[in-house]
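Engineer: Following is a predicted model, sequence given first.
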Amino acid sequence: MTTQIERPIGVTLADAAAFESLARSFQGELVRPGDPSYDQRRKVWNGSIDRHPAVIARCAGVSDVVGALAFARRTGLALAIRGGGHSFPGLSVCDDGVVIDLGLMNEIEVDAGAGTVRAKAGVLLGELDRATQAFRLAVPTGSVTHTGLAGLTLGGGIGWLMRKYGLTIDSLLSVEVVTADGEVVQASETVNPDLFWGVRGGGGNFGIVTEFEFRLHPVGPTVLSGLLLWPLDDAPEVVRFYRDWADSAPDDLTTALVLRRAPAVDLVPKSLHGKPIVAVACCWAGSLDRGESVLEPMRRFGSRVVDLVAPRAFIEHQAMLDPSFPPGNWVYSKAADLRTLSDDVLGILLDYAARLASPHSGITAWQLGGSVARVGELETPFGSRQSAYVVDMYGVTDSADGFEQERDWARDCWTALAPHHAGVYVNWLMEEGERRVREAYGEQRYARLQAVKRRYDPENVFRLNQNIRPA
Ligand SMILES: Cc1cc2nc3c(=O)[nH]c(=O)nc-3n(C[C@H](O)[C@H](O)[C@H](O)COP(=O)(O)OP(=O)(O)OC[C@H]3O[C@@H](n4cnc5c(N)ncnc54)[C@H](O)[C@@H]3O)c2cc1C
């Protein structure tokens, strides 16, 4: 790839030598203000984030990552690391600094015999599913296919297979990491175990992960999954029935309760278009016959208006929520863990669901438990093992119009739930400050993360993240 050597904005003349030296050895692409692809490359999933980096280093491999990191350190420019660009608060892009973009590093190598897969840090969830499902295997990841594997894994990774096979980090076997001083190291249970502990939930605080190795699990290729819808008027009975049904469900089933306005699509009766509804989303990853009988009571409950539950390819199921979360929308999200879906909690959620204004905003409560809860609380930094639900309230518009109102709705709903908060999933935080990051981990895990940070990044080079301060 040819690279015309020009100084990026923000780099002083003295630093220009550093940039020239980076450009000479860089194998990927260096994108700067004024380049035709600059505006496309600086965009992240959340349309409300509009930042202008000095240079976007689209790395082709580990040596590019090492080079771009050295450049950022030498110039003292701000440094952001980008996997899939789906951080809610846009932490993978910065003004006037260097973005190390891993998107070109997207090789996947499945070893079906060994039951493992290696994925580079630019892989998206849908790409991993496609590669592994060719062998009827899967890694438990998240629920929207264009999310980055890197950021999701580094925070924990909740999704449709978690009650059966655990979080994404529970299947992580090893990582390759470029540390703050530019060293390329491996980490696993036996090699640099402190670093391996840290990356299983501690985010990008300890270095740039360039490759992940996961254990694979048998999945599908067909699962029993889909959405069930009721009008919001029926919600008080539906949500209570859902709670008890989900509580007693086997681990093969993972569910989520969704409150939003019904989309104007043919599958939904016209009378409900644009009206608040309650939905139960589910994925049964066991034998289909057993799944039919486990799901039946929920499917038959009350005056359900839509039943989209059916046997479908796991890959198709994984894309089910994609249309609801397109890139470019303006998003403000607030999240909290809940110990239980008590009547009080359900009352608050339904009250705020009735006030939903935007057709894109909503509330999703993901059911945890099962395999997630069976891993010891200190075995990984992930702080939500014993929570029953993680709930996310997202205020969303398709432009700046009406965004403040949606943001206030999400904040107000979160505040109303405050007496019931029981922690928060770190990947669902906005930029909410150190207190909230500590809350996500709890004091014991946070102190241990600080010790790992002190060892691998004492100068806090990696700070555009849910930052853990070196002890
Ligand atoms: C539409 C949507 C759906 C989602 N669904 C789920 C879900 O089902 N389950 C779930 O658990 N979460 C979900 N999330 C949250 C998601 O896990 C986080 O937003 C996650 O950070 C996204 O990862 P990314 O690589 O795309 O993000 P990025 O914005 O690229 O990165 C996020 C953070 O990780 C850091 N980072 C990224 N890559 C690396 C790396 N290789 N090394 C070191 N640091 C790195 C970045 O610097 C940044 O701080 C969802 C988010 C969105 C927007």
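Structural biologist: Happy to help now that I have it.

Engineer: How about the contacts made by Val278?
Structural biologist: By CB atoms under 8 Å, 6 or more residues apart in numbering, the residues touching Val278 are 229-232, 234-235, 238-239, 257-259, 350, 353. C-beta: built from backbone N, CA, C; applies to glycine.

Engineer: Let's see the pLDDT reported for it.
Structural biologist: Per-residue pLDDT puts Val278 at 97.

Engineer: In three-state terms, how would the closest residue to the ligand within the stretch 201-350 of the chain be classified?
Structural biologist: The ligand sits closest to Gly204 of the stretch 201-350 of the chain, with a gap of 2.2 Å, by CB to the nearest ligand atom. At Gly204, secondary structure determined by DSSP: H, G, I helix; E, B strand; the rest coil is helix.

Engineer: was I right about it contacting Arg463?
Structural biologist: No. Judged on CB atoms under 8 Å, Gly204 makes no contact with Arg463 at a distance of 9.6 Å.

Engineer: just to revisit the earlier point, neighbour count, pLDDT and distance to the ligand for the contacts of Val278 - can I get that in a markdown table?
Structural biologist: Below are the contacts of Val278 laid out as a markdown table (neighbours: other CB atoms under 10 Å; pLDDT from 0 to 100; distance: CB to the nearest ligand atom, whole Å):
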| residue | neighbour count | pLDDT | distance to the ligand |
| --- | --- | --- | --- |
| Leu229 | 21 | 96 | 20 |
| Trp230 | 22 | 96 | 23 |
| Pro231 | 19 | 93 | 26 |
| Leu232 | 20 | 93 | 24 |
| Asp234 | 16 | 94 | 27 |
| Ala235 | 22 | 95 | 23 |
| Val238 | 27 | 97 | 23 |
| Val239 | 23 | 97 | 21 |
| Leu257 | 24 | 98 | 14 |
| Val258 | 21 | 97 | 13 |
| Leu259 | 25 | 97 | 17 |
| Leu350 | 18 | 97 | 23 |
| Ala353 | 23 | 96 | 20 |
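
Engineer: What about those residues, which are in strands?
Structural biologist: Taking DSSP state E, the ones among the contacts of Val278 that sit in strands are Leu229, Trp230, Pro231, Leu257, Val258, Leu259.

Engineer: so where does Glu109 fall, helix or strand?
Structural biologist: Taking DSSP states H and E as the definition, Glu109 sits inside strand 108-111.

Engineer: got a list of contacts for that strand?
Structural biologist: Applying CB under 8 Å, 6+ apart, the external contacts of strand 108-111 come out as 116-120, 123, 127-128, 131-132, 134-135, 137, 216.

Engineer: May I ask which of the residues you listed has the most neighbours?
Structural biologist: The member of these that has the most neighbours, counting by other CB atoms under 10 Å, is Val123 with 27 neighbours.

Engineer: Let me know how buried the closest residue to it other than its chain neighbours is, in neighbour terms.
Structural biologist: Closest residue in space to Val123, ignoring its immediate chain neighbours: Leu149 at 4.6 Å, by CB to CB, 6 or more residues apart in numbering. For Leu149, the count of nearby residues is 30 (other CB under 10 Å).

Engineer: same check, this time on the one 4 residues further on
Structural biologist: Thr153 is surrounded by 31 other residues when neighbours are defined as other CB under 10 Å.

Engineer: For it, list the residues it contacts.
Structural biologist: By CB under 8 Å, 6+ apart, the contact list for Thr153 reads Thr141, Thr168, Ile169, Leu172, Val209, Phe212.

Engineer: now, which of these lie close to the ligand?
Structural biologist: Among the contacts of Thr153, proximity to the ligand is found for Val209 (CB under 6 Å from any ligand atom).

Engineer: Give me the three-state assignment for Ile315.
Structural biologist: Under three-state DSSP, Ile315 falls in the helix class.

Engineer: Wait, it touches Thr132, no?
Structural biologist: No. Applying CB under 8 Å, one finds Ile315 not in contact with Thr132, separated by 9.7 Å.

Engineer: which element follows the strand holding Glu109 toward the C-terminus?
Structural biologist: Downstream of strand 108-111, the next assigned helix or strand under DSSP H and E is strand 116-120.

Engineer: which residues are contacting the longest helix along the chain?
Structural biologist: Criterion DSSP state H: the longest helix present in the chain is helix 434-456. For helix 434-456, the external contacting residues (CB under 8 Å, 6+ apart) are 179-180, 194-195, 197-198, 201-202, 205-207, 378, 381, 383, 423-426, 429, 460, 466-471.

Engineer: Tell me, how many residues neighbour Asp401?
Structural biologist: Using other CB under 10 Å, Asp401 has 10 other residues around it.

Engineer: correction: Ser324
Structural biologist: Residues within reach of Ser324, counting by other CB under 10 Å, total 17.

Engineer: quick revisit: quick check: which of the contacts of strand 108-111 are also close to the ligand?
Structural biologist: Checking the contacts of strand 108-111 against the ligand (CB under 6 Å from any ligand atom), there are no matches.

Engineer: how about a markdown table for the residues you listed, with pLDDT and distance to Asn329 added?
Structural biologist: Formatted as a markdown table, the contacts of strand 108-111 follow (pLDDT from 0 to 100; distance: CB to CB, whole Å):
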| residue | pLDDT | distance to Asn329 |
| --- | --- | --- |
| Thr116 | 98 | 36 |
| Val117 | 99 | 31 |
| Arg118 | 98 | 33 |
| Ala119 | 98 | 27 |
| Lys120 | 98 | 28 |
| Val123 | 98 | 23 |
| Glu127 | 98 | 22 |
| Leu128 | 98 | 24 |
| Ala131 | 98 | 28 |
| Thr132 | 98 | 29 |
| Ala134 | 98 | 32 |
| Phe135 | 98 | 35 |
| Leu137 | 98 | 33 |
| Leu216 | 98 | 33 |
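
Engineer: check contacts around Gly291.
Structural biologist: So Gly291 contacts Leu224, Asp252, Leu253, Trp284 (CB under 8 Å, 6+ apart).

Engineer: again, only using 6 Å
Structural biologist: Contacts for Gly291 (CB atoms under 6 Å, 6 or more residues apart in numbering) come out as Leu224, Trp284.

Engineer: Now Ala187, what are its backbone angles?
Structural biologist: phi -150, psi 140 (degrees, to the nearest 10).

Engineer: what's the spacing between it and Asp251?
Structural biologist: As defined by CB to CB, to the nearest Å, Ala187 lies at a distance of 29 Å from Asp251.

Engineer: Same check on Tyr165?
Structural biologist: 9 Å.

Engineer: What is the most widely separated pair among the contacts of Thr153?
Structural biologist: Greatest spatial distance among these (CB to CB): Thr141 and Val209, at 15.0 Å.

Engineer: Looking at those two, which one has more neighbours?
Structural biologist: Per other CB under 10 Å, whichever of Thr141 and Val209 has more neighbours is Thr141, with 29 against 24.

Engineer: buried set for stretch 454-467?
Structural biologist: Neighbour counts over stretch 454-467 (16 or more other CB atoms under 10 Å) mark Arg455, Tyr456, Asp457, Val461, Phe462, Arg463, Leu464, Asn465, Gln466, Asn467 as buried.

Engineer: I misspoke; the intended subject was stretch 350-362.
Structural biologist: Buried, per 16+ other CB under 10 Å, within stretch 350-362: Leu350, Tyr352, Ala353, Leu356, Ser358, Pro359, His360, Ser361, Gly362.

Engineer: With that, I have no additional questions.
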